[in-house]
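In: just coords:
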């Protein structure tokens, strides 16, 4: 099956620093990747849709200058949380769509990144 | 009213029990229904996928969709401790980007 990796799995940083999270599709090309945020006992909240070679589409209420997304290749998308603050602490999960899977709605999720901002 | 409602639980059952997990939704345009399983500190993985109404069975898992009631279910037979996880329902409309709307997930605990 399609595999998506995410790095780092966990990061602790000081308030005001920027953090970059990488999402890679390991065995397929992902023209579309998604970034989610998940709070404890809450649903996955879609932050943005990332298309290779173009600007990301952000969901309403998500600050695009705060959460910078770059999808420079068919296998890599990055999320940079700029000037992180404690309220940005969360579980960030990326997913990728493999259009060859036969199920257009299917997304393959990465293992997630736990961000803690002190 | 949220588009997708799902009881967060936790739902605790003994090993071998039949588990019923449910979601309700309000958007009648939803046609694709999915169940994801998420283990602690991991990303979700697709468990079952159904289109429109009806049942779909895969081993110990059965997904059921009742579009008239806007209600979907996931049944797990002969539940095992390894089934302990959070189960998220997800659904999407046809066309467009197919981006699903997720429920908040139900935490399931199967104790030996």
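Out: Thanks, I have the structure now. Quick caveat: nothing in here was measured; it's all calculated off a predicted structure.
In: Just the strands from chain B, written as ranges.
Out: B:4-5, B:11-14, B:19-25, B:30-38, B:45-51, B:54-58, B:61-66, B:71-76, B:85-93, B:101-102, B:106-111 (DSSP state E).
In: what lines up beside the third one in the sheet?
Out: This means strand B:19-25. Each strand that pairs with strand B:19-25, with its direction, by DSSP bridges: strand B:4-5 (antiparallel), strand B:71-76 (antiparallel).
In: Which of the ones you listed comes out lowest on mean pLDDT?
Out: Per-stretch mean pLDDT for the strands paired with strand B:19-25 is lowest at strand B:4-5 (a mean of 93).
In: Contacts only, for the closest residue to residue A:76 other than its chain neighbours.
Out: Nearest non-adjacent residue to residue A:76, counting by Cβ to Cβ, 6 or more residues apart in numbering or on different chains: residue A:24, 5.3 Å away. In this view, the C-beta of every residue, glycine as well, is placed from N, C-alpha and C. Counting by Cβ atoms under 8 Å, 6 or more residues apart in numbering or on different chains, residue A:24 touches A:4, A:5, A:6, A:7, A:75, A:76.
In: give me that answer again for 7 Å
Out: With contact set as Cβ atoms under 7 Å, 6 or more residues apart in numbering or on different chains, residue A:24 has these partners: A:4, A:5, A:75, A:76.
In: By neighbour count, which of those residues wins?
Out: When neighbours are counted by other Cβ atoms under 10 Å in any protein chain shown, residue A:4 leads the contacts of residue A:24 with 25 neighbours.
In: measure that one to residue B:13 for me?
Out: Separation of residue A:4 from residue B:13 (Cβ to Cβ, to the nearest Å) stands at 31 Å.
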